[in-house]
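J.: Structure for this input, please:
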Amino acid sequence: MSLALRHKKKCLAALKKQQVSEVTVETAAVTTSSEDKDDYVRGLVESNLENDLQLLSERKEISEKIALKRELLPRYLPHAHKYMASGAKYPNLVLVQCVIWLIDVGDIEQALMLANYAIEQQQSMPERFKRDLPTYVAEELHDWAEREYKAQRSPFPYFSEVLDAVQSDRWPIFNKIVLGKLYRMAGLLYDQEEDFAKAVHWYEKAEQVNDKAGVKTRLEMARKKL
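T.: Next comes the predicted model:
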């Protein structure tokens, strides 16, 4: 075999070996890149979230904070929805933060949808919060319902969903003060609608879980109206 032919064969063999190596690398990339990419994107999103939380902390006025949260939500909601659709389960700060911000900006319908999913997964609140997720969401939605009540607007059907979630233990809440507030608010709302049977029912539940719920007088009045 001539030197030229031998050299040509050697080059072809080296080229073939290189091509096989490249295919192996590409195959490995295909099998691992999806998971690695998800981890990378998750880390990037959480890092951006930390920066945006710092930005929020620099806002002094509540109105400024709410405006910024409303501006930031479209940046993070797609990640929360993608996570929910994936069926995955891991501590997801973005999902929980979206729940918090949605309540703050008054998007109660979407807040409830995400909250139900997060609570079902037993997601945790960020470390800066003292309350667990079910208690936090229930109390915040009580406060929202109270504002609606004072403005003579009905918080139903969303507040009904909160009551159902608490009563069915889908949202496990053990804080008697929070439970008393929720049940008292339900009584006030039905009292306002002149459904005195339901008002009595919820006032009684408020008194049962917390005898300092402040419903004694209203309970007596509602009973007399039956």
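J.: Outside of stretch 83-96 itself, list whatever touches it.
T.: Applying CB atoms under 8 Å, 6 or more residues apart in numbering, the external contacts of stretch 83-96 come out as 45-46, 49, 76, 79-80, 114, 117-118, 121, 123-126, 133. Using the backbone N, CA and C atoms, a C-beta is placed for each residue, glycine as well.
J.: Checking residue 197 next. Helix, strand or coil?
T.: What DSSP: H, G, I helix; E, B strand; the rest coil gives for residue 197 is helix.
J.: Look up the closest residue to it, ignoring the ones flanking it.
T.: Using CB to CB, 6 or more residues apart in numbering and skipping residues adjacent in sequence, the residue nearest residue 197 is residue 226, 6.3 Å away.
J.: Equivalent analysis for residue 101, please.
T.: Using CB to CB, 6+ apart, the closest residue to residue 101 is residue 69 (4.4 Å).
J.: Is the one you found in contact with residue 106, as I believe?
T.: No: taking contacts as CB atoms under 8 Å, residue 69 lies outside contact range of residue 106: 10.3 Å.
J.: Of those two, which one has the most company?
T.: Shown here are residue 69 and residue 106; by other CB atoms under 10 Å, residue 69 has more neighbours (20 against 13).
J.: And the more buried one, which helix or strand is it part of?
T.: helix 62-86 (DSSP states H and E).
J.: Tell me how this protein divides into domains.
T.: Following automatic domain parsing, one gets these domains for the chain: 32-129, 130-226.
J.: among the ones you listed, which is the most enclosed?
T.: Stretch with highest mean neighbour count among the domains of the chain: domain 130-226 (a mean of 17; mean count of other CB atoms under 10 Å).
J.: all strands of this structure, in order?
T.: For the chain, no strands are identified by DSSP state E.
J.: Which helix or strand in it has the lowest average pLDDT?
T.: One helix or strand of the chain scores below all others by mean pLDDT, DSSP states H and E: helix 3-57, with a mean of 63.
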